[in-house]
Every structure is written in structure tokens, then in C-alpha cells.
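# sequence and predicted model, in that order:
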Amino acid sequence: MNLRELTYLFILAALWGASFLFVRIASPALGPFVTIELRVLIAGLVLLAYAFFTRKKINILKRWRQYLILGTINAAVPFTLIAVASLTLTSSLASILNAMTPIFGTMIAWFSLKEEITLKKIFGMIVGFTGVVILMGWSPLQREKIVFLSAGCSILAAVFYGMGSVYVKKHFKGENFLSISIGQQMAAALVVLPTVMIPVSDRYINTEVIVSIIGLSVFCTALAYFFYFYLIEHAGPTKAITVTFLIPFFGVLWGMVFLNEPISFGMIIGLLTIVAGVLIITDAKIKQLF
């Protein structure tokens, strides 16, 4: 990568890492369903406005069924699961658990696309899951049932992200990335919309919540895709996917700086172990960077 591409990569990781911070602030205030509905709807409208004013061609309506599936498995469900988990988990912990996405993506690709899985990849999976055990075992949070259920929601969100990546690879090969992003967000908005009627106690809105929603939808979703599109186009998808390794580090940093979240030795070891597992699985791709 040249300097510009590397800069955009770190900006993208910082934005997506910050999404866990904003969700952690907004979800307890508005409820997880309203938070995610605002996230995907505003992001989708911003991307639509960008496509309109720049006269970018998008192709969504002809494939609305596939976009509905994509919006469900790659945005509506995982976003909501993370928002639910954020009612209990710290943003740091949620961002670390999200790093499991490439591991689940590899597993799902093995089952659905019949991609080869080697002993090395299996070993990487074992290392990654060991990192989760270390992370939860040495977490600064109390070992209560709700904490482990929330962690399960975060891990399940990573499973859906893995499913989404495989679905895109199988059904949207060669499709315009802007169309994919707009179609995904707008479809997710339709899927999440009925859930906003679910009653949530003690809803409140303040400046911090408003800023979080704007940051989450405009910057961490809509703007982040602009940087992602640029990296895909100029650096290639293999290099762009390395953002996965940087997101949890920024997630931990923002949680520590802005929410004073505690960072334990177990969290650091768990994070490094999970990233090591992902590196082992994606070793062939990482080598192409050097």
C-alpha cells in the first residue's frame, strides 16, 4: 500500500472501531432496535444522496430479494445483536469479539462454498476460540449469566457477518459496491423497522446520544464505506480486508479514552490470541501484502 491507501485503511479501522463506542452510548438510551433503525436508515439515505448528486448508477430494485437477504444477515441481525450485547458489555469487549468474523467466514465458506480447509486453518480456528475463552475468563466484568448471554450475542453477530461475506461472494460477484452498500442498508432498515415498536423502558435523548447516532450512521457506516470503496478499487479486496485486524485495537482505544473502560491483562491476551488465530487462517492472503 502507498501512504494514501495506508492512511485510509487506518481511518476506516478507526471509524468502524468507533461504531462500538457509539452503539454503547446510544443503545441504552434509545433501545437497541431504534438505535439500529436510525443507523441503517440514515446511512442508506446519505449513500443514496451521494449516488444521486454524483450521478452514480445503482442497481437495486431488480435484485430486491437478494438485497433483502443481504440486508438481513449482514446488517439488520448482526447490528441488532451487537446493540443488544452493548447493553451489558463494554464497547472494548464487543469489538474484540467481533474480530472472530473471518474465522466464522472461513467455516461457513467451507460448508456452503466447499472451499478447502487445511489443518492450518483448523488450528487457527482453535486458537481463535481459545482467545474467546481467555477473554471471557479474564474479563473485568462479573461472571454473570447476562454477561455470557451478551457475549453470545456478539459472537453470533460475527457468525452472521461471516454468512454475509460468503453471501456477497456467492451472489454479488462483480456488482457495484455502492449498489451493494445502499441495497444492504435500505433493506436492513425495512427489516428492523417493525422492531422499533417493541417497548423499552427509560428512553431518553441528550446531546451525547444525538452525536452518537450521527457518528454511528453518517461516519461509521456511510462515510466508512467511501473509504472501503476506495481501498477495494485502488488497493484490492485482499489488502482492504486487513482492516479486520485493526478494528478491535481502535475499539479498545476509544472505549478506554472516552468511556473510561477498564482494560485488563486478560483482555489484551484474549485480543492477541484471537488476532493470532485470524492471522493463521488468512496467512496466504496476508503474505500478499509484503
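Everything's here; your move.
# only C-alpha atoms from now on, for both contacts and neighbour counts.
Will do.
# state the mean pLDDT of the helix or strand harbouring residue 249.
Taking DSSP states H and E as the criterion, residue 249 maps to helix 243-259. Across helix 243-259, pLDDT averages out at 90.
# same question for stretch 45-57.
93.
# for the residue lying farthest from the centre of the chain, grab phi and psi.
Within the chain, residue 55 marks the point farthest from the mean C-alpha position, 28.2 Å out by CA atoms, centre = their mean. Torsion angles at residue 55 (phi, psi; degrees, to the nearest 10) stand at phi 60, psi 40.
# by how many degrees do the helix or strand following the helix holding residue 249 and helix 243-259 diverge?
Next along the chain after helix 243-259, taking DSSP H and E as the criterion, comes helix 265-281. Helix 265-281 runs at 160 degrees relative to helix 243-259, counting by axes from the mean of the first three to the mean of the last three CA atoms, to 10 degrees.
# picking that back up, contacts for the helix holding residue 249?
For helix 243-259, the external contacting residues (CA atoms under 8 Å, 6 or more residues apart in numbering) are 9-10, 12-14, 16-21, 90-93, 95-96, 98-99, 102, 261-263, 271, 275.
# ditto for stretch 201-208
For stretch 201-208, contacts defined as CA under 8 Å, 6+ apart pick out 25, 28, 29, 30, 31.
# can you find the helix or strand of the chain with the lowest average pLDDT?
helix 283-286 (a mean of 52; mean pLDDT, DSSP states H and E).
# residue ranges in the stretch 101-250 of the chain under the pLDDT threshold?
139-140, 236-239 (pLDDT under 70).
# strands of that one, start to end?
Assigned by DSSP state E, counting those that start in this stretch, the stretch 101-250 of the chain shows no strands.
# ranges for the helices of it?
101-112, 119-137, 145-171, 177-192, 207-214, 224-234, 237-240, 243-259 (DSSP state H, counting those that start in this stretch).
# any idea which of these is most buried?
helix 177-192 (a mean of 23; mean count of other CA atoms under 10 Å).
# that one to helix 145-171, inter-axis angle?
With the same axes, to 10 degrees as the basis, helix 177-192 and helix 145-171 are set at 140 degrees to each other.
# could you list every helix and strand in contact with helix 177-192?
Other helices and strands packing on helix 177-192, by 3 or more CA pairs under 8 Å, 6 or more residues apart in numbering; DSSP states H and E, are helix 32-53, helix 64-71, helix 224-234.
# what about those helices, which gets the closest to residue 185?
Of all the helices and strands packed on helix 177-192, helix 32-53 sits nearest to residue 185, with 5.0 Å by CA to CA.
# and the angle from that closest one to helix 64-71?
Taking the same axes, to 10 degrees, one finds helix 32-53 and helix 64-71 inclined to each other by 130 degrees.
# how far does helix 32-53 sit from the chain's center?
16 Å (CA atoms, centre = their mean, to the nearest Å).
# quick one, phi/psi of residue 262?
Main-chain torsions, residue 262, degrees, to the nearest 10: phi -70, psi 140.
# now do it, the pLDDT please.
87.
# for it, which non-adjacent residue is closest in space?
residue 256 (6.6 Å; CA to CA, 6 or more residues apart in numbering).
# quick check: the one you found vs residue 29, distance?
Counting by CA to CA, to the nearest Å, the gap from residue 256 to residue 29 is 20 Å.
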